[in-house]
Every structure is written in C-alpha cells, then in structure tokens.
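Trainee: Give me the fold of what follows.
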Amino acid sequence: MLIGVLFLVDRFKRKTIIIYGFAIMATLHLIIAAVDYTLVGDLKATAIWLLGALFVGVMQGSMGFITWVVLAELFPLKFRGLSMGISVFFMWIMNAVVSYLFPLLQAKLGLGPVFFIFAAINYLAILFVVFALPETSNKSLEQLEAELSANHEDKKSTRLTREVGYDR
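Mentor: Numbering: from 1, shown residues only. All right, here's what the predicted structure looks like:
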C-alpha cells in the first residue's frame with residue numbers, strides 16, 4: 001500500500017487525490033445504501049462487507065495519507081506542531097461523534113439513509129476542496145508559507161503571534 005501511495009503523491013496533484021478519494025468514497029456510500037434497499041440475507045451482508053472493505057482501501061489510499069501531507073504543507077513551520085495537534089484533536093472528536101451517532105442513526109433511520117447522509121457529506125467535502133483548499137503540489141514549504149501568509153497578514157494575527165510567543 002505504501003508504494004502505491006508514494007506513487008500517487010508523486011504523480012498527481014494533492015487536490016486531485018482528495019477529490020477523487022471523496023468521490024469514490026461517496027459513490028461507495030451510495031452503493032452501500034442501494035444494496036441495503038435491494039438485496040437481502042447473506043448476499044446483502046456479503047456485499048456490504050465487500051463494499052466496506054473496498055471503502056477502507058480507498059480511504060487509506062487517498063484521505064488516510066494525503067490529509068497528513070497537506071496539513072503539514074499548509075501550516076507554517078513555527079505553528080506546525082501546535083496546528084497539527086489541534087487538527088488531530090478535532091479529527092478524533094469527529095471520529096467519536098461519528099462512532100457515537102452511527103448506531104443511533106442506523107437504529108432510527110436504517111442503514112441506507114445513514115449512508116446517503118455519508119455520501120452527501122463527502123460530496124460537500126468535494127466542494128470545500130475545490131473552492132477553499134489551496135493546491136500544495138510542486139511547491140516548497142517556504143513558497144507555500146509565503147503564498148498563504150501573503151493573503152492573511154493583518155494586525156490581529158501579528159498580535160496573536162506575539163502574544164503566544166511564536167514571533168521569536
């Protein structure tokens with residue numbers, strides 16, 4: 001898996017990997033929802049298991065690794081440790097929320113509707129990536145820091161940097 005992932009990072013732009021990852025994951029969610037409505041018994045269980053395994057493979061081959069690459073590239077060096085820590089904290093909070101809500105939603109709505117919701121969230125994430133996430137491929141960390149900070153230099157961020165002690 002690692003060799004394939006390294007090939008993807010070198011060959012394709014970061015946003016492309018993220019968009020295709022979300023699109024394939026959303027499609028798999030839609031297929032799981034459709035299977036829930038159309039198949040029964042062992043065939044349904046086997047199909048959902050196989051689709052779930054395929055989802056995990058796609059997730060690990062796209063979002064599971066590229067998230068860390070992009071986050072490390074987006075944050076300036078002086079804030080990277082703190083920013084990555086905050087990002088991981090919120091990632092685990094959201095993992096806990098999904099883990100808590102999934103069985104409740106499945107019991108209330110059924111498996112199909114829950115996976116329709118997951119698909120919708122993935123499609124919304126694609127819109128976020130297209131319109132809000134900067135491309136980080138083929139740029140040095142210094143170049144990215146200069147580009148991203150040029151758009152966000154203001155007195156508040158400078159004051160906060162000084163107050164937190166990151167201006168040294």
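
Trainee: okay, CA-based contacts and neighbour counts for the rest of this
Mentor: Will do.

Trainee: how far away is Ala47 from Ile121?
Mentor: In this structure, Ala47 lies at 22 Å from Ile121, with Cα to Cα, to the nearest Å as the measure.

Trainee: and the closest residue to Lys13 other than its chain neighbours, how many neighbours does it have?
Mentor: Once its chain neighbours are removed from consideration, Lys13 has its nearest residue in Ser137; the separation is 5.5 Å (Cα to Cα, 6 or more residues apart in numbering). Other residues near Ser137 number 17, with proximity taken as other Cα atoms under 10 Å.

Trainee: pull the longest helix from this structure.
Mentor: The helix of greatest length in the chain, counted in residues with DSSP state H as the criterion, is given as helix 77-109.

Trainee: list the buried ones in it?
Mentor: Of the residues in helix 77-109, those scored as buried under the neighbour-count criterion (16 or more other Cα atoms under 10 Å) are Ser83.

Trainee: list the contacts for the residue nearest the centre of the chain?
Mentor: The geometric centre of the chain, computed from its C-alpha atoms, lies nearest to Met63 (Cα atoms, centre = their mean), at 4.9 Å. When contacts are counted by Cα atoms under 8 Å, 6 or more residues apart in numbering, Met63 is found next to Ile17, Ile18, Gly21, Phe22.

Trainee: pretty sure the last one is in contact with Leu124, am I right?
Mentor: This means Phe22. No - the criterion here is Cα atoms under 8 Å, and Phe22 misses it with Leu124 at 9.3 Å.

Trainee: distance of the residue nearest to Lys13 from Leu74?
Mentor: The spacing between Ser137 and Leu74, counted by Cα to Cα, is 11 Å.

Trainee: about what we covered before: backbone phi and psi for the residue nearest to Lys13, please?
Mentor: Listed backbone geometry of Ser137 is phi -70, psi 150, with angles given as degrees, to the nearest 10.
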